[in-house]
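Asker: coordinates only, sequence not included:
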Ligand code: UT7
């Protein structure tokens, strides 16, 4: 049992949809500008009182149902999130409690938009060493809770959501390889300057809101997503032609298109949910994966390349046979 294999996927988006037409009423922008520069037409926003754990629970239950498993079959829970319900305990422990599968390890991973890719890498290592047999791996964020709705450079991009997969130990891949990276020198290009230890007050100047130097992030994201894709493929003696589906972090339609072009990958082989999801941070990759599994594009045996990029900066890739 040397590999971790996906046996079920699930996704959940909050009911409330925010359109570009509504954003036109709130800030100095146009629907045309948003679509042209980002590709986003609508995004889902968590209802008041609806938390990251609520979204994660819905996505997890769907992934468990798709896998044909009960919560008690799960012995590891890892959630990629930057917007936990509480400072502590972690979302993962509260999800474990709600599902009723007590005792196994459960923890959150904070790698912003790369959170799910980080969580997959870690879960795969638990399974490969025999420490776990069946893992629930989730990317969930209520990122709009840390958005400044007066900042037109960020509020147009982000939405809320959750995606989940169930991984199981298997004799054959499964996850072929995964790689994680970070470079803290880029902190101030994409960050929330306030925090628990440094202090924050949502009514004052040190409010906990996302700040982003968008065009600078854009350039690094495109270069990095291309490089990480090529590195993991080369290390496994594969080429872009061997990839059936590229599932990149859904940051911006133009970032996705530029990445596909630089890789020489036809856009039809890339899963793109930016138009209807926006950027859901750690949820974006597993949500896109779930959409393409459920609509039948992704078939058993396909080679998938999941690539993430986010604040930190963090980035990473997971190469797998579905
Ligand atoms: O998830 C983690 C990674 N995050 C990302 O990958 C995000 C990466 N960045 C982006 O997606 C893009 O940089 C944005 C969509 C945020 C901005 O698009 P851009 O083409 O890079 O625009 P810009 O920031 O260079 O701004 C161009 C102009 C500016 O006006 P001036 O200074 O040229 O007069 C902005 O003020 O567009 C203006 N602008 C807007 N105009 C209308 C910025 N936001 C808006 C807006 N509506 N919402």
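Answerer: Ah, there it is. Keep in mind the model is a prediction, meaning the values are calculated, not measured.

Asker: got a list of what the residue in the stretch 151-300 of the chain positioned nearest to the ligand touches?
Answerer: Relative to the ligand, the nearest point of the stretch 151-300 of the chain is residue 214 (2.8 Å; Cβ to the nearest ligand atom). Quick note: C-beta positions are derived from backbone N, CA and C, even for glycine. Taking Cβ atoms under 8 Å, 6 or more residues apart in numbering, we find residue 214 in contact with 153, 154.

Asker: mind redoing it with 6 Å?
Answerer: Contact analysis of residue 214 by Cβ atoms under 6 Å, 6 or more residues apart in numbering lists residue 153.

Asker: with the one 10 residues further on instead?
Answerer: For residue 224, the contact set (Cβ under 6 Å, 6+ apart) comprises 309, 315.

Asker: tell me if it really is in a helix.
Answerer: Yes: under DSSP: H, G, I helix; E, B strand; the rest coil, residue 224 sits within a helix.

Asker: how close does it get to residue 292?
Answerer: Remark: distance between residue 224 and residue 292 (Cβ to Cβ, to the nearest Å) = 23 Å.

Asker: and what of residue 70?
Answerer: 26 Å.

Asker: of those two, which one has the most company?
Answerer: The neighbour comparison of residue 70 against residue 292 (other Cβ atoms under 10 Å) goes to residue 292, with 22 against 12.

Asker: secondary structure element for that one?
Answerer: helix 284-294 (DSSP states H and E).

Asker: list the buried ones in that helix?
Answerer: 284, 285, 286, 287, 288, 289, 290, 291, 292, 293 (16 or more other Cβ atoms under 10 Å).

Asker: so the fifth one makes contact with residue 247?
Answerer: Yes: assessed by Cβ atoms under 6 Å, residue 288 is found in contact with residue 247 at 5.2 Å.

Asker: which residues do those two both contact?
Answerer: residue 271.

Asker: just checking, residue 6 touches residue 166?
Answerer: No: using Cβ under 6 Å as the test, residue 6 is too far from residue 166 to be in contact (7.1 Å).

Asker: in terms of residue numbering, what are the domains of the protein?
Answerer: By the assignment in automatic domain parsing, the chain contains the domains 3-172, 176-321.

Asker: shaky segments in the protein?
Answerer: 1 (pLDDT under 70).

Asker: which residues in it form helices?
Answerer: Along the chain, counting by DSSP state H, helices occupy 20-26, 31-38, 52-67, 91-99, 115-128, 214-235, 253-263, 274-277, 284-294.

Asker: these into JSON lines, with extra columns for distance to residue 241?
Answerer: Below are the helices of the chain laid out as JSON lines (distance: least, Cβ to Cβ, whole Å):
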{"stretch": "helix 20-26", "distance to residue 241": "36"}
{"stretch": "helix 31-38", "distance to residue 241": "29"}
{"stretch": "helix 52-67", "distance to residue 241": "29"}
{"stretch": "helix 91-99", "distance to residue 241": "38"}
{"stretch": "helix 115-128", "distance to residue 241": "23"}
{"stretch": "helix 214-235", "distance to residue 241": "10"}
{"stretch": "helix 253-263", "distance to residue 241": "10"}
{"stretch": "helix 274-277", "distance to residue 241": "25"}
{"stretch": "helix 284-294", "distance to residue 241": "19"}
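
Asker: just give me the neighbour total for the closest residue to the ligand within the stretch 1-150 of the chain.
Answerer: Taking Cβ to the nearest ligand atom, the ligand has its nearest neighbour within the stretch 1-150 of the chain at residue 29, 3.3 Å off. Counted with other Cβ under 10 Å, the neighbours of residue 29 add up to 17.

Asker: enumerate every residue touching residue 134.
Answerer: Residue 134 touches 73, 74, 75, 168, counting by Cβ under 6 Å, 6+ apart.

Asker: same thing with residue 232?
Answerer: Taking Cβ under 6 Å, 6+ apart, one finds 177, 179, 317, 319 in contact with residue 232.
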